[in-house]
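[1] Quick one: sequence plus predicted model below, questions after.
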Amino acid sequence: MSDAPDIRLARAAAPEDGVVVLDLAGELDLAVSDRFRSLVDEAIAERPRLVVADIAGVSFMDSTMLRELLRAHRTLEEEGSRLVVAAVQPPVQRLLELTGTDELFTLASDRDEGLTA
């Protein structure tokens with residue numbers, strides 16, 4: 001899959017210090033995994049207490065991106081931080097269920113719930 005124009009990997013405004021919100025959209029696959037890793041690494045460098053990955057706009061995620069989410073989860077946990085994955089859409093939910101990772105991640109129904117999780 002290609003890095004199409006509808007891909008969004010960005011930081012969104014956070015409601016307070018110590019919180020990072022990642023706004024993700026489009027078909028997330030190998031083509032964007034390096035960009036995602038850089039975005040996560042920048043967030044981790046700030047030593048936040050919470051990172052919310054809002055994936056409301058994600059229509060597809062491959063195993064490469066799942067691996068990057070798992071890496072982010074592990075690294076944040078090692079740093080004493082938390083990762084919450086918010087607004088999981090059905091195709092991504094299926095990937096998480098098939099791989100058993102839905103039990104590993106803290107999932108929230110939307111960004112607001114993720115911020116209070």
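    Nice, thanks for sending it over.
[2] who's D23 bridged to?
    Per DSSP bridges, the residues bridged to D23 are A10, D54.
[3] before we move on, what about L50?
    In beta-bridge terms (that is, DSSP bridges), L50 pairs with V19, R82.
[4] in stretch 36-46, what's buried?
    Neighbour-count burial for stretch 36-46 flags F36, R37, L39, V40, A43, I44 (criterion: 16 or more other CB atoms under 10 Å). Where you see a C-beta, it was placed from the backbone N, CA and C, and this is true even at glycine.
[5] which SS class is the second one?
    What it means is R37. helix (DSSP: H, G, I helix; E, B strand; the rest coil).
[6] Kindly provide the distance from the nearest residue to it once chain neighbours are set aside to E113.
    Counting by CB to CB, 6 or more residues apart in numbering, R37 lies nearest to E68, which is 5.7 Å off, once chain neighbours are set aside. For E68, the distance to E113 (CB to CB, to the nearest Å) stands at 23 Å.
[7] just to revisit the earlier point, can you tell me which of the buried residues of stretch 36-46 lies nearest to Q93?
    Checking those against Q93 with CB to CB, the nearest one is F36 at 18.8 Å.
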